Each structure stands twice: as C-alpha cells, then as structure tokens.
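> Everything below, folded, please.
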Amino acid sequence: MTTLASVFDKARSEGRAALVGYLPAGFPTKDGAVAAATAMVEAGCDVIEIGLPYSDPLMDGPTIQNAVHRALTNGTRIADVLRTVEKVAATGAATLVMTYWNPVDRYGAERFARDLAAAGGAGTITPDLTPEESEPWRAASAAAGIDTVFLVAPSSTDERIRRVVECCTGFVYAASLMGVTGARETVSAAAEGLVKRTRKHTGLPVCVGLGVGTGAQAAEVAGYADGVIVGSAFIRRLLDAPSEAEGLRAVGELAAELAAGVRA
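Modelled structure (predicted):
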C-alpha cells in the first residue's frame, strides 16, 4: 500500500503539489472505473479517490450525481468498491474511498476499516461526518492503519478548523467554495485564504478541491496548496466521450495536463 505520507513527501521533495483524482466506483462500468483510474495514474495522478456510490449525494453537483446514478444502476455495491480500490492500489497510487457516512455505518465501521485496509486502501474522506461524531470511526481507522480526511470550508471559523484538523490524518481537504462539486471557470478566491488559515492549526498537507478542471487552474492552486483535487472534470470527459476507449484517452489527456500544471 502506498501511504499518503509517502506521496506528499515525494511531491514535496520534487517541489510541487500532489495531484488527486476522483472517480466513483462502477462508472462508466465496474471494469471501466478501474481502467479510467489506471489511465489517470499513468498520466500523473498521485492519489486516487474512489467514490462509494450513494443514493443521496448531498455535496455532489449534477456531473458527479449523474455518474453515481449510473454506478448504482450498474449494481455497484461496497464489495465492488473494495475490489476497485484493490485494483487501483496495485498501480502504486495511494487510494482513498470518498464516502458519505451512512453506507459505512450500515456496513459496520470496524469491518469497513479492516476490509478497506485489506484491499490496500490508504484511508477515507467522509464529507458529512462531523468531528463531534467521528471518534468511533477514527478509532476503527487507526486500528486498521488507514487515514481519516475531513473537510474545512470558507465558512469555517478558526475554532472549527482547529477541531476538524485534530480529526485528520493524511491531509486536510479544503473545499474551495460553499456549494456542491463541479468544475468552474475560475477557482474561488477564498481558497488561498482558507489554506493559510488551516495551516495555522496543523502541519498536515492541505489539499484544495471543488472547481479545478484545467491545467492552468491546477497550477494556480499548486502555488499555495499541497495538493490539487479534481473530480467533475474527469467525469465530464467520460460522460462526453462517444466510446469507452475515447473516454480513457480523454481522462489520460486531462490528467497529463493537470500533472503538468501542478509541476508548473
């Protein structure tokens, strides 16, 4: 298993930010998700977030909702998510699961943590799990040897940021704006300030997500963050492709553009 700590250490030694790509398991197909994530790694992604499809994705915009709906229609279940993690982790990329809390709670927190670790997963991002309710999950994760990543937002007070980062290992996810996921024309001006405020409370890497979709935007964010997170832009390439082969080519091209951006 490639750890998040080793990824960020390597990126830091190369004087650049890490590139984090997101795709839901089961999209465009179960095998297609593995192929797409592999293409992203081969083109320069350091970390892959595998989304666990959920029927009520409150944080996700229409692009990711569309992909998640297709994944659920394809019959994607937690076992498929874990198989996807195992195959993507075999590429050498640090591999996370991004999931809402309800599926993990129903599966069993300790069981999920153990099974994710056994699959080679490096950790989880849980966007709707609050610090006040996270202790059992953090304990289960620590016992299994996987990282826990939580989110801060532009609206977070300094006290809230402090409480969130105390729950994080691996890195802190800084949401660049208030609202749902989706690539945008510009990255929120609030992102840089949020990174600065977060660094006052932790020595962990701080990664920025929500809104990044081009190499130029990746270069901009890499100028002040430790990692650049991209999801909707990859999914859009797959949604717009006339065939799976064209989709793989498109996500590989985007990953290469973004990888050049974080190295600019």
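> can you list the residues that contact stretch 255-264?
Contacts to stretch 255-264, defined as C-beta atoms under 8 Å, 6 or more residues apart in numbering, come from residues 11, 14, 16-19, 21, 39-45, 212, 214-219, 222, 228, 230, 234. For glycine as for every other residue, the C-beta is placed from the backbone atoms N, C-alpha and C.
> What's the ChimeraX line that selects buried ones from those residues?
To isolate the buried ones among these in ChimeraX, judged by 16 or more other C-beta atoms under 10 Å, type:
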select :11,16,17,18,19,21,39,40,41,43,44,45,212,214,215,217,218,219,222,228,230,234
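> mind listing which of the contacts of stretch 255-264 are in strands?
Counted as lying in strands by DSSP state E, out of the contacts of stretch 255-264, are 18, 19, 21, 228, 230.
> who's the second one bridged to?
With DSSP bridges applied, residue 19 shows beta-bridge pairing to residue 228.
> Please tell me how far residue 263 sits from residue 12.
13 Å (C-beta to C-beta, to the nearest Å).
> Output the below-cut-off pLDDT ranges for the stretch 151-264 of the chain.
Counting by pLDDT under 70, the stretch 151-264 of the chain shows low-confidence ranges at 177-188.
> show me the contacts for the spatially most central residue of the chain.
By C-alpha atoms, centre = their mean, the mean C-alpha position of the chain lies nearest to residue 49, the distance being 3.8 Å. By C-beta under 8 Å, 6+ apart, the contact list for residue 49 reads 20, 21, 22, 23, 96, 97, 98, 125, 229, 231.
> Excluding residues flanking it in the chain, which one is nearest residue 52?
residue 99 (3.8 Å; C-beta to C-beta, 6 or more residues apart in numbering).
> Who are the contact partners of the one you found?
Neighbours of residue 99 in contact, by C-beta under 8 Å, 6+ apart: 51, 52, 54, 124, 125, 126.
> for these, which one is nearest residue 251?
Nearest to residue 251 among those: residue 51, at 14.6 Å, using C-beta to C-beta.
> Test my guess that the closest one contacts residue 21.
No: in this structure residue 51 lies outside contact range of residue 21 using C-beta atoms under 8 Å: 11.0 Å.
> overlap in contacts of those two?
residue 231.
> Now distance to residue 243 too, for the contacts of residue 49, in JSON lines please.
Shown next, in JSON lines, are the contacts of residue 49 (distance: C-beta to C-beta, whole Å):
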{"residue": "20", "distance to residue 243": "27"}
{"residue": "21", "distance to residue 243": "21"}
{"residue": "22", "distance to residue 243": "22"}
{"residue": "23", "distance to residue 243": "17"}
{"residue": "96", "distance to residue 243": "29"}
{"residue": "97", "distance to residue 243": "28"}
{"residue": "98", "distance to residue 243": "27"}
{"residue": "125", "distance to residue 243": "31"}
{"residue": "229", "distance to residue 243": "27"}
{"residue": "231", "distance to residue 243": "22"}
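> For PyMOL, write the select line for the buried members of those residues.
The PyMOL selection below is limited to those of the contacts of residue 49 classed as buried (16+ other C-beta under 10 Å):
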select buried, resi 20+21+22+23+96+97+98+125+229+231
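> coming back round to it: any idea which of the contacts of residue 99 the model trusts least?
Here the lowest pLDDT out of these sits on residue 54, with 93.
> Walking through the stretch 151-264 of the chain, point out its helices one by one.
In order along the chain, the stretch 151-264 of the chain carries the following helices (DSSP state H, counting those that start in this stretch): 158-165, 190-199, 215-222, 232-240, 244-262.
> For residue 31, find the nearest of those.
Nearest to residue 31, of the helices of the stretch 151-264 of the chain and by C-beta to C-beta, is helix 244-262 at 9.1 Å.
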